[in-house]
Structure formats: structure tokens, C-alpha cells
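Colleague: this is a predicted model, with the sequence first.
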Amino acid sequence: MRIGVLTGGGDCPGLNAVIRAVVRKGVKEYGHEFVGFRDGWKGPLEGLTMPLSLETTRGILPRGGTILGSSRTNPFKIEGGVERIKENLEKSGIDALIAIGGEDTLGVATKLDALGVKVIGVPKTIDNDLNNTDYTFGFDTAVNIAVEAIDRLHTTAESHHRALIVEVMGRHAGWIALHAGLAGGASCILIPEQKFSIEKVCQWVESRFKSHYAPIIVIAEGAIPQDGDMVTKDQTLDSFGHVKLSGIGDWLAQEIETRTGKEARTSVLGHIQRGGTPSAFDRVLATRFGLQAITAAHEGDWGKMVALHGTDIVRVPLASATEKLKLVPLEFYKESEIFFG
Ligand code: F6P
């Protein structure tokens with residue numbers, strides 16, 4: 001078979017590990033050929049390809065980003081987009097696609113599968129919000145980066161008797177905030193799944209100062225105050241209808257200063273959480289996903305996504321990945337409240 005591989009949406013550490021595993025097993029064990037499509041769905045849409053072979057995928061395991069490039073191109077928003085993809089796949093002699101992505105990329109893959117394109121999905125996102133897989137690769141690395149930042153912020157916060165706020169990514173899911181906040185010993189963690197009371201946050205800040213520690217507040221970019229709205233950078237939408245988040249951390253710092261009289265500053269971690277080398281956990285998870293994805297393709301098990309269930313790599317219906325967002329269960333969040341304040 002001749003198999004196309006693409007990576008779409010926001011990049012994350014581990015993408016290259018999947019590509020390497022797919023190609024390595026696909027060539028050595030099954031004798032398949034590979035073509036890399038560049039920049040997500042833009043690749044098959046515009047016929048942008050690059051060679052994928054044992055040689056071109058050597059040495060990429062620890063590299064962050066994606067050697068294929070990525071984009072948030074939505075072919076269903078482009079006149080004749082699907083027909084162009086089908087034509088280009090035929091022109092390049094592609095029998096099937098392995099699409100590595102999050103809810104948007106896999107949403108497109110699901111629709112293409114229904115239209116007869118042979119496709120296997122691989123779940124990636126630092127947000128960890130894809131349904132029907134316990135974890136996505138990229139998440140562990142993002143959490144580790146955030147924890148390192150929190151550890152560093154503790155010492156400077158204490159030196160200056162300040163409240164320090166760490167704004168992390170995650171869009172509408174609080175997984176990064178919750179895990180990084182728990183691992184970093186935050187004085188409170190604010191996630192999109194549970195609107196927060198600013199009065200309560202200020203009480204936690206004050207109680208932390210009383211015990212002679214400086215508070216660290218971890219806030220997800222999509223967190224919402226009880227009496228306010230989600231903060232967005234601007235109102236422009238990307239081709240999948242998402243607004244750009246960020247800004248809630250600065251809003252919170254101002255509120256804390258006004259209400260408690262204590263100095264408060266914000267660090268927005270932003271894309272630092274997505275860049276650089278993957279953690280060992282993500283390298284292994286991404287590799288196992290890649291190995292299972294190429295076997296699924298070899299067996300012609302189309303319309304499936306590889307997933308982590310417990311410690312097993314399994315195949316689930318591709319459509320189930322995007323049925324709903326996998327949000328933080330409130331019981332899990334409530335459990336962490338014992339450490340707040
Ligand atoms: O979905 C991954 C993610 O990093 C989100 O956490 C964040 O809101 C978004 O992508 C940022 O996207 P972009 O890099 O396109 O600004």
C-alpha cells in the first residue's frame with residue numbers, strides 16, 4: 001500500500017515519534033510506502049507532499065513540533081475542498097491516510113471516512129480533551145513544563161510576598177491546569193469546568209499569606225468567573241470556529257490586587273507548553289500509537305482511532321473521538337480543593 005501521513009491542528013511534542021513508528025514498522029514489517037502531506041489538511045488539499053522513508057524519519061524521535069508541518073485548514077470550509085482532496089490522493093496514488101490530530105483534524109477525518117476515504121486516526125493534543133482515550137500524547141510534556149514553571153515561581157513569589165498567577169493552555173478543558181496545579185502545589189486551581197468565585201479565590205490568597213507562604217494560582221485559559229465571561233484575545237474565529245483564548249490571568253491579578261491589596265503578577269505560559277522535546281512518557285505513548293495505527297491500516301481496519309485504555313493501546317471508532325469533549329470530572333476537581341488556601 002501507499003499510505004499518506006499528515007499532522008493537523010496545534011502541534012505538540014510526540015508528533016515526530018508517531019511518524020517515525022508508523023514508517024519504521026510500515027516499511028520493515030509490511031513493506032508499505034509512505035508519502036508525507038505537509039501542513040495538515042492543506043497538504044492533500046493542495047497536493048503538498050514530502051518523502052517519508054526510513055532515511056527521512058531517522059533521528060526525529062526527540063524532536064518537538066512536526067517534520068510535516070501543521071495548520072488549522074478545514075477542507076469542509078473550502079469550496080470543492082473534499083473533491084480536491086480525493087483527486088490529489090488519486091493523483092499521488094495514495095490508498096489510505098493516517099491522520100494525526102485533535103478534535104478538528106480527527107473531525108475532518110471522520111467526515112472523510114464517511115465519504116469513502118480510507119483513514120486511521122491518531123489522537124494528539126496537549127489539552128487531553130479527546131474523547132475515548134485516557135490520554136493523548138503531548139499532555140504529559142505540557143504538564144511537566146508547567147510544573148517546572150510553577151516550581152520556579154514559588155521561590156520568587158515568596159521572596160517578594162506576591163501572589164503569582166500561572167495561566168496555562170487547555171482551551172475548554174482543565175486537564176493541564178489541574179495536573180500541573182496538583183503536581184506544583186498550587187494554592188488554588190481554576191478550571192473551565194467549574195466557574196470560580198473571585199471572593200473565594202481572594203480568601204484562599206489571604207489564608208496562604210497568613211501561613212507565610214506566597215500563593216501560586218494556576219488558572220486555565222478557559223476558566224470563567226461566576227459573575228463574568230470567558231476572556232478572549234479577540235473575537236476572530238479560526239476555520240473551525242474557535243476563538244483565541246488568554247487574558248484571564250491578567251484579569252485575575254488585577255482583581256486580587258484591588259480586593260486584597262497584595263501585589264499580584266501573571267505569567268502566561270502559552271506556546272512554551274507546546275514546544276520542545278517530548279517527555280519519555282509521551283515518546284512511548286506516541287510510539288505505541290504509531291505502531292498500532294500502521295497495523296490497523298495494514299489490516300484494513302478503516303475508520304478507527306488508536307486509543308489508550310488503561311495501559312492498553314486499542315482501536316475505537318474514529319467518530320467516537322469527537323462525539324463530546326473529555327472534560328475534567330467534577331469529583332476529581334473537588335478532591336483537589338483540600339489543598340486550596
Ligand atoms: O489545542 C491546543 C492549543 O494549544 C490550546 O490549548 C490553545 O487554546 C490553542 O491550541 C492555541 O492555538 P494557536 O496556537 O492556534 O493559537
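Modeller: Now that the structure is in, tell me what you want to look at. Numbers count the residues shown, from 1 in each chain.
Colleague: every contact and neighbour count from this point should use C-alpha atoms.
Modeller: Will do.
Colleague: the ligand contacts on this structure?
Modeller: 10, 125, 126, 127, 169, 170, 171, 245 (Cα under 6 Å from any ligand atom).
Colleague: try it again at 8 Å.
Modeller: 9-12, 72, 102, 125-127, 168-171, 221, 244-246, 270-271, 273-274 (Cα under 8 Å from any ligand atom).
Colleague: retrieve the pLDDT associated with the spatially most distant residue from the centre of the chain.
Modeller: Computed with Cα atoms, centre = their mean, the residue of the chain farthest from its C-alpha average is residue 210, at 36.9 Å. We have a pLDDT of 93 for residue 210.
Colleague: next one: residue 64
Modeller: pLDDT, read off for residue 64, is 97.
Colleague: if we can go back for a sec, if any of the residues of the chain next to the ligand are buried, put those into a PyMOL selection.
Modeller: Of the residues of the chain next to the ligand, the buried ones can be selected in PyMOL as follows, counting by 16 or more other Cα atoms under 10 Å:
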select buried, resi 9+10+11+12+72+102+125+126+127+168+169+170+171+221+244+245+246+273+274
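Colleague: out of the residues of the chain next to the ligand, which sit inside strands?
Modeller: 168, 244, 245 (DSSP state E).
Colleague: for the second one, give me its contacts.
Modeller: It stands for residue 244. Going by Cα atoms under 8 Å, 6 or more residues apart in numbering, residue 244 touches 232, 233, 234, 235, 236, 237.
Colleague: how about the closest residue to the fifth one other than its chain neighbours: which residues does it bridge to?
Modeller: Nearest residue to residue 236, sequence neighbours excluded (Cα to Cα, 6 or more residues apart in numbering): residue 243, at 6.1 Å. Residues found in beta-bridge contact with residue 243 (criterion: DSSP bridges) are residue 237.
Colleague: list the contacts of residue 243.
Modeller: Counting by Cα under 8 Å, 6+ apart, residue 243 makes contact with 232, 233, 234, 235, 236, 237.
Colleague: ok so, going back, pLDDT check: weakest of the ones in strands among the residues of the chain next to the ligand?
Modeller: residue 244 (91).
Colleague: so that one versus residue 222, what's the distance?
Modeller: Going from residue 244 to residue 222 by Cα to Cα, to the nearest Å gives 10 Å.
Colleague: how about residue 155?
Modeller: When distances are taken as Cα to Cα, residue 155 and residue 222 turn out to be 27 Å apart.
Colleague: what about these two, which has more around it?
Modeller: The neighbour comparison of residue 155 against residue 222 (other Cα atoms under 10 Å) goes to residue 222, with 26 against 13.
Colleague: strands along this structure, start to end?
Modeller: Using DSSP E, the strands of the chain run over 2-7, 33-37, 49-52, 96-101, 119-123, 163-168, 188-190, 216-220, 232-237, 243-245, 264-268, 304-309, 312-317.
Colleague: in the last one, what counts as buried?
Modeller: Applying a neighbour-count criterion of 16+ other Cα under 10 Å, one finds 313, 314, 315, 316, 317 buried in strand 312-317.
Colleague: in its sheet, what does that strand sit against?
Modeller: Strand pairing (DSSP bridges) places strand 312-317 next to strand 304-309 (antiparallel).
Colleague: cool, the fourth one as well?
Modeller: Each strand that pairs with strand 96-101, with its direction, by DSSP bridges: strand 2-7 (parallel), strand 119-123 (parallel).
Colleague: how far does stretch 319-328 stretch from start to finish?
Modeller: Length of stretch 319-328, first residue to last, Cα to Cα: 21 Å.
Colleague: show residues contacting that stretch.
Modeller: Stretch 319-328 has contacts (Cα under 8 Å, 6+ apart) with 103, 106-107, 110, 128-133, 172-175, 193, 303-305.
Colleague: please apply the same query to stretch 154-170.
Modeller: If you take Cα under 8 Å, 6+ apart as the criterion, stretch 154-170 is touched by 126-128, 146, 150, 153, 176-177, 205, 209, 213-222, 246, 248-249, 252-253, 262-270, 273.
Colleague: filter these down to the buried ones.
Modeller: Buried, going by 16+ other Cα under 10 Å: 126-128, 146, 150, 153, 176-177, 205, 209, 213-222, 246, 248-249, 252-253, 262-269, 273, out of these.
Colleague: just give me how far the longest helix seen in the chain sits from the chain centre.
Modeller: If you go by DSSP state H, the chain has its longest helix at helix 139-160. Centroid displacement of helix 139-160 relative to its chain, using Cα atoms, centre = their mean, to the nearest Å, is 19 Å.
Colleague: counting neighbours, which bits of that helix end up buried?
Modeller: Going by neighbour count (16+ other Cα under 10 Å), the buried part of helix 139-160 is 139-147, 149-150, 153-154, 157-158.
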